[in-house]
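S.K.: okay, predicted coordinates and the sequence, questions at the end:
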Amino acid sequence: MTTALTAGTAPATGWHDLDVRLAHSKMAPKLLPVLEGAPGIRLHVSETVTADDADVLVGFQFPPGSLAGLERLRWLHLTGTGTDHLAAAGLRPDVLVTNSATVPVTAVAEYALAGLFTLLKDVPELVGRSDAPWYRSDAVLLAGSTVAVAGAGRIGRALVERLAALGARPVAVTRTGEVPVPGAVRTVAADRLAAEAAGFDHLVACLPGTPQTRGLIGADVLAALPAHAAVVNVGRAETVDNAALHALLRAGRLRGAFVDVHDAEPLPADDPVHAVPRLVVSPHRAFAFPGEPAEVARTLLANLDDLRAGRTPRDLTPWPSERNAS
């Protein structure tokens, strides 16, 4: 029985002759050029997990029950970041889990900024129009504004750094608010969001999906934001009360919202969300950049190097843990 690693060193034996299944057929062709020829691994590609024939499994999300009964499996590497689906998928608690959380950091931080600028510079009012008024604009400055960044993990911290460089005043929102986030003018606790919201000019959500973050940006937080506030979500959809957000936008209460994650994906073309005024619906693409698949493959190999050297894998993800408990 494999023992999950949480700290210290990893056993260096048993990681040199591996069957690796890429259960991510859309990304697999872009992973293969980096992985092919790597010593000590045999690659197999499939759309789903169909048999217990792999030591290592690489994939994004797994439907309920799809990982149950995989007795041979020792290591799961996620091409994304979220682990909230693994319990329902039936993953054994002793399987080693790593993820690709470091890969999209720059892309998502830049996309969050793009969303914010889209709203502050009234870009939706210009797209596809030839009758936009000349020499007049309702655009506002990002510089000098106070921007709350809810979630100060890798992406949130990268966004704080960029906001500060652009002259904004980033306020980091963390679970306890006790450890100052570098670059932020203040760090506040998540349970202070509603009380602090009136002092934010804008709010960007970079929150992971956990039981603790579900609905964290609720109706009370959104209602407390000033009428000129812009809201951006590049985290998880369930961390924001989207019904409350839509209601405020319909009432003209906020400047606008830019949302890259949604309660159901992909959204149907006739979904009512498309008609919400001043809501920019982005089709979950913040993570994307041309080199993403190659970086995911390199991340897998870097963690394999760690295992073979007897080190704890650099992208080890606690499993099971409070974060992904159902």
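M.R.: Here it is on my side, so go on. Numbering: from 1, shown residues only.
S.K.: could you use CA atoms for every contact and neighbour count after this?
M.R.: Will do.
S.K.: please, which helix or strand holds the most centrally placed residue in the chain?
M.R.: With distances taken as Cα atoms, centre = their mean, Gly235 lies nearest the centre of the chain, 4.8 Å away. Per DSSP states H and E: Gly235 is located in neither a helix nor a strand.
S.K.: cool, the one 10 residues further on as well?
M.R.: Per DSSP H and E, Leu245 falls inside helix 242-250.
S.K.: name the helices or strands packed onto that helix?
M.R.: helix 219-224 (3 or more Cα pairs under 8 Å, 6 or more residues apart in numbering; DSSP states H and E).
S.K.: return the residues in contact with the residue nearest to the centre of the chain.
M.R.: Contact partners of Gly235, counting by Cα atoms under 8 Å, 6 or more residues apart in numbering, are 205-209, 261.
S.K.: can you tell me the closest non-neighbouring residue to it?
M.R.: Cys206 (4.1 Å; Cα to Cα, 6 or more residues apart in numbering).
S.K.: list the residues that contact that neighbour.
M.R.: By Cα under 8 Å, 6+ apart, the neighbours of Cys206 are 149-152, 155-156, 233-236.
S.K.: so what does it have for phi and psi?
M.R.: In terms of degrees, to the nearest 10, the main-chain angles of Cys206 are phi -130, psi 40.
S.K.: that one and Asn233: what is the separation?
M.R.: When distance is defined by Cα to Cα, to the nearest Å, Cys206 is 7 Å away from Asn233.
S.K.: then His246?
M.R.: From His246 to Asn233 the distance is 13 Å (Cα to Cα).
S.K.: looking at the two, which is more packed in?
M.R.: Asn233 (24 against 21; other Cα atoms under 10 Å).
S.K.: wait, that one sits on Leu245?
M.R.: No: using Cα atoms under 8 Å, Asn233 makes no contact with Leu245, being 11.1 Å away.
S.K.: got a pLDDT number for Ala172?
M.R.: On the pLDDT scale, Ala172 is placed at 98.
S.K.: I should have written Arg129 there, sorry.
M.R.: Note on Arg129: pLDDT of 84.
S.K.: doesn't it fall inside a strand?
M.R.: No: the assignment for Arg129, made by DSSP: H, G, I helix; E, B strand; the rest coil, is coil rather than a strand.
S.K.: can you report how many residues lie near it?
M.R.: When counting by other Cα under 10 Å, one arrives at 9 neighbours for Arg129.
S.K.: then Leu159 would be within a helix, right?
M.R.: Yes: the assignment for Leu159 (three-state DSSP) places it in a helix.
S.K.: for Asp19, which three-state class applies?
M.R.: strand.
S.K.: what about it, distance to Ala28?
M.R.: According to Cα to Cα, Asp19 and Ala28 sit 15 Å apart.
S.K.: the two: which has the busier surroundings?
M.R.: Ranked by neighbour count (other Cα under 10 Å), Asp19 and Ala28 place Ala28 first, with 21 against 17.
S.K.: what's near enough to touch that one?
M.R.: With Cα under 8 Å, 6+ apart, Ala28 has these contacts: 22, 45.
S.K.: quick check: it vs Arg136, distance?
M.R.: 49 Å.
S.K.: which residues in the stretch 1-150 of the chain form strands?
M.R.: Remark: strands assigned in the stretch 1-150 of the chain by DSSP state E, counting those that start in this stretch are 18-22, 41-45, 56-59, 75-78, 96-98, 146-150.
S.K.: which of those strands is buried the deepest?
M.R.: Comparing the strands of the stretch 1-150 of the chain by mean neighbour count (mean count of other Cα atoms under 10 Å), strand 146-150 ranks first with a mean of 26.
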